[in-house]
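Peer 1: structural data only, the sequence is not supplied:
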């Protein structure tokens, strides 16, 4: 199994420690899996449980002081599933897999997605706060003086990336997955690119892509779809990643990164942010 | 102002009555508006209040007996907003406009989107049931014997389209909007293509598109993005619509329709369903 994983665009790779080795372990877990779907879920699950990344444990906090997680996944044959706005769900990617495998839908939202998770034995009501999350949240005081003040506060403080993702192939089948705790201090209920098909994740028979960075700008560019379109045109994975980020950089002001893998295991990645950590197997 | 509107792919155009004239009125209201954004909102608002369409009043019902609405909109300059899973919101398109104009986000979900709507003076807790909706809901009995039975029931009964949408241009500026009550008997919390950028709606400087039909399949194809990509390649609007639906028809089994308008007002539409009613001004 060929696997590429990312740990998000934006952060200083030296802070916090342990990210590089966690990414290597995630890629290794993916490589040992029985299928591309199992591979991307295994890799992303590992990172969701690693508090240094903004997914699962260690996720960002929305404006109302609640952590909500999102994830999406897709296969080269067109199966897709995603889930969004879930409080207390560490393994958002498992819920995305349930939506893909067990419902006729591609996206389920909010408390209904949490109920769906619970029905399938996925743990809910999980405490996703870490010491680092508590310290960061304690540094700010969201205004409680009405929505107008809160929106101004959201605009000022909104940011932070470090979404995680993976793409895998066994030479015939492709799968991609992305998971996130959203962006810091987003308005409660905000959904970014991650659970939107074509924005945070996309796959076709040609290969797959997973995006990270400024979610709203990534969605406006349907970034993962663009990367896979380049693969469909016969472009190699690195050039596909480079072109996608170059086009993004012209069109938008935010940070973005993308990992790309073709069905035959050719891997590439690109970003316009300070850094984006990647591991391959 | 050039405007094209659609009333959804799938239904027999003769049943129920009054759809064609409502679409003409919607297009006419759009044509009289001061900007493309105002035009698509005015057209879609009109259809959201017309009970013959599956948006606003007359919307489909989810598996738990609740009507939830979704909408998305985008401009050629890259502003975008969407809202999903909103119980009791007739004018979902107004909430999408608030997300676009007044937040740093592109998608807000569930009760938080309803709260946002209320804060901006958009009516919530609206009764979206019609006599026709009550009759249809009364014909079925969703199982109350656990999620497995309910999912089997959803798979069996899930369907229905008639999402509404509009694209408008003043020759320089483009806007597109799509609004829906979802699909009949979808699992509670299900989100389809409509509020997902690139799937139910998309616009760039070249023009805009609005999609309708089997939402999950449309999302897998990022249908609206594909249509606008053809405009960006210099294709005329009718050919762009035809190619998008032809490609969709090869890749997926569901019904789909799309309306397309270039920035200079060239309009086109195509569908693979029994019918799709369109009006232009």
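Peer 2: The structure has been received and is ready for your questions. This is a predicted model, so every value here is computed, not measured. Residues are numbered from 1 along each chain as shown, chains lettered A, B, ... in the order given.
Peer 1: quick one, strands of the stretch 101-250 of chain A?
Peer 2: With DSSP state E, counting those that start in this stretch, the ranges of strands along the stretch 101-250 of chain A come out as A:108-109, A:164-169, A:174-180, A:201-204, A:207-213.
Peer 1: for chain B, what are the nearby residues on the stretch 51-200 of chain A?
Peer 2: Residues of the stretch 51-200 of chain A found near chain B (Cβ under 8 Å from any Cβ of the partner chain) are A:74, A:78, A:80, A:84-85, A:102-113, A:115-116, A:119, A:146-147, A:151, A:154-155, A:158, A:186-192, A:196-199. Just so you know, the C-beta spots here come from the backbone N, C-alpha and C atoms, and that holds for glycine as well.
Peer 1: so for residue A:69, which of the strands of the stretch 101-250 of chain A sits nearest?
Peer 2: Closest to residue A:69 of the strands of the stretch 101-250 of chain A, according to Cβ to Cβ: strand A:174-180, at 6.9 Å.
Peer 1: and that closest one, what other elements does it pack with?
Peer 2: Applying 3 or more Cβ pairs under 8 Å, 6 or more residues apart in numbering or on different chains; DSSP states H and E, one finds that strand A:174-180 makes contact with helix A:36-48, strand A:68-75, helix A:92-102, strand A:164-169, strand A:201-204, strand A:207-213.
Peer 1: got a list of what residue A:110 touches?
Peer 2: Residues near residue A:110 by Cβ atoms under 8 Å, 6 or more residues apart in numbering or on different chains: A:84-86, A:189, B:85, B:109-111, B:189.
Peer 1: which of those fall within helices?
Peer 2: Judged by DSSP state H, the subset of the contacts of residue A:110 located in helices is B:110-111.
Peer 1: give me the buried subset of the contacts of residue A:110.
Peer 2: Listed as buried from these are A:84-86, A:189, B:85, B:109-111, B:189; burial here means 16 or more other Cβ atoms under 10 Å in any protein chain shown.
Peer 1: related to what we said a few turns ago, Throw the contacts of residue A:110 into JSON lines and include pLDDT and distance to residue A:136, thanks.
Peer 2: Listed next are the contacts of residue A:110 as JSON lines, based on pLDDT from 0 to 100; distance: Cβ to Cβ, whole Å:
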{"residue": "A:84", "pLDDT": "98", "distance to residue A:136": "22"}
{"residue": "A:85", "pLDDT": "98", "distance to residue A:136": "21"}
{"residue": "A:86", "pLDDT": "98", "distance to residue A:136": "21"}
{"residue": "A:189", "pLDDT": "96", "distance to residue A:136": "21"}
{"residue": "B:85", "pLDDT": "98", "distance to residue A:136": "29"}
{"residue": "B:109", "pLDDT": "98", "distance to residue A:136": "24"}
{"residue": "B:110", "pLDDT": "97", "distance to residue A:136": "25"}
{"residue": "B:111", "pLDDT": "96", "distance to residue A:136": "26"}
{"residue": "B:189", "pLDDT": "96", "distance to residue A:136": "30"}
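Peer 1: looking at chain A, which helix is longest?
Peer 2: helix A:237-251.
Peer 1: helix or strand: which one has the closest residue to residue A:276 other than its chain neighbours?
Peer 2: Excluding its sequence neighbours, the residue lying closest to residue A:276 (Cβ to Cβ, 6 or more residues apart in numbering or on different chains) is residue A:257, at 3.9 Å. In this structure, residue A:257 sits in strand A:256-262 according to DSSP states H and E.
Peer 1: which other helices and strands does the helix or strand bottoming out on mean pLDDT in chain A contact?
Peer 2: Within chain A, no helix or strand scores below helix A:147-157, which has a mean of 87 by mean pLDDT, DSSP states H and E. Contact partners of helix A:147-157 among helices and strands, from 3+ Cβ pairs under 8 Å, 6+ apart: helix B:110-119.
Peer 1: flag every buried residue along the helix it packs on.
Peer 2: Applying 16+ other Cβ under 10 Å to helix B:110-119 flags B:110-117, B:119 as buried.
Peer 1: ok, the contacts of residue A:110 vs residue A:278, which is closest?
Peer 2: Of these, the one sitting nearest to residue A:278 (Cβ to Cβ) turns out to be residue A:84, at 25.0 Å.
Peer 1: what bridges to the closest one?
Peer 2: residue A:109 (DSSP bridges).
Peer 1: distance of it from residue B:266?
Peer 2: Going from residue A:84 to residue B:266 by Cβ to Cβ, to the nearest Å gives 36 Å.
Peer 1: one more: residue A:56?
Peer 2: Taking Cβ to Cβ, one finds residue A:56 at 47 Å from residue B:266.
Peer 1: more neighbours: the two, which one.
Peer 2: More crowded of residue A:56 and residue B:266, by other Cβ atoms under 10 Å in any protein chain shown: residue A:56, with 28 against 17.
Peer 1: surely that one meets residue A:88?
Peer 2: No. In this structure, residue A:56 is not within contact of residue A:88 by Cβ atoms under 8 Å, at 10.8 Å.
Peer 1: what's around residue A:177, how many residues?
Peer 2: 37.
Peer 1: check contacts around it.
Peer 2: Shown in contact with residue A:177 (Cβ under 8 Å, 6+ apart): A:40-41, A:43-44, A:71-73, A:93, A:96, A:165-167, A:201, A:210.
Peer 1: swap in 7 Å and give it another go.
Peer 2: Residues near residue A:177 by Cβ atoms under 7 Å, 6 or more residues apart in numbering or on different chains: A:40-41, A:44, A:71, A:73, A:93, A:165-166, A:201, A:210.
Peer 1: closest to chain B among these?
Peer 2: For the contacts of residue A:177, the closest approach to chain B (Cβ to the nearest Cβ) belongs to residue A:201, at 11.4 Å.
Peer 1: ok, the closest one to residue B:196 distance?
Peer 2: 12 Å.
Peer 1: give me the beta-bridge partners of residue A:75?
Peer 2: Residue A:75 has these beta-bridge partners by DSSP bridges: residue A:175.
Peer 1: wait, residue A:175 sits on residue A:37?
Peer 2: Yes. Here residue A:175 reaches residue A:37: they are 4.6 Å apart, a contact under Cβ atoms under 7 Å.
Peer 1: thinking again about what came up before, report pLDDT for the residue nearest to residue A:276.
Peer 2: On the pLDDT scale, residue A:257 is placed at 97.
Peer 1: next, the contact list for it, please.
Peer 2: Residue A:257 neighbours (Cβ under 7 Å, 6+ apart): A:6, A:9, A:212-213, A:269-271, A:273, A:276.
Peer 1: out of those, which sit inside strands?
Peer 2: Judged by DSSP state E, those include A:6, A:9, A:212-213, A:269-271, A:276 as members of strands.
Peer 1: count the neighbours of the closest residue to residue A:163 other than its chain neighbours for me.
Peer 2: In this structure, residue A:163 finds its nearest non-sequential neighbour in residue A:180, 3.9 Å apart by Cβ to Cβ, 6+ apart. Neighbour count of residue A:180, defined by other Cβ under 10 Å: 32.
Peer 1: report pLDDT for residue A:180.
Peer 2: Looking at residue A:180, its pLDDT stands at 97.
Peer 1: wouldn't it be in contact with residue A:53 here?
Peer 2: No. Applying Cβ under 7 Å, one finds residue A:180 not in contact with residue A:53, separated by 9.1 Å.
Peer 1: what about stretch A:217-230, distance to the chain center?
Peer 2: In terms of Cα atoms, centre = their mean, to the nearest Å, the centre of stretch A:217-230 is set 14 Å apart from its chain centre.
Peer 1: hmm, who's touching that stretch?
Peer 2: Contacts of stretch A:217-230 with the rest of the structure, by Cβ under 7 Å, 6+ apart, involve A:192-193, A:196, A:198-204, A:206-211, A:240-241, A:243-244, A:247-248, A:251-252, A:254, A:256, A:258, A:260, B:78, B:80, B:106, B:197-198, B:222, B:225.
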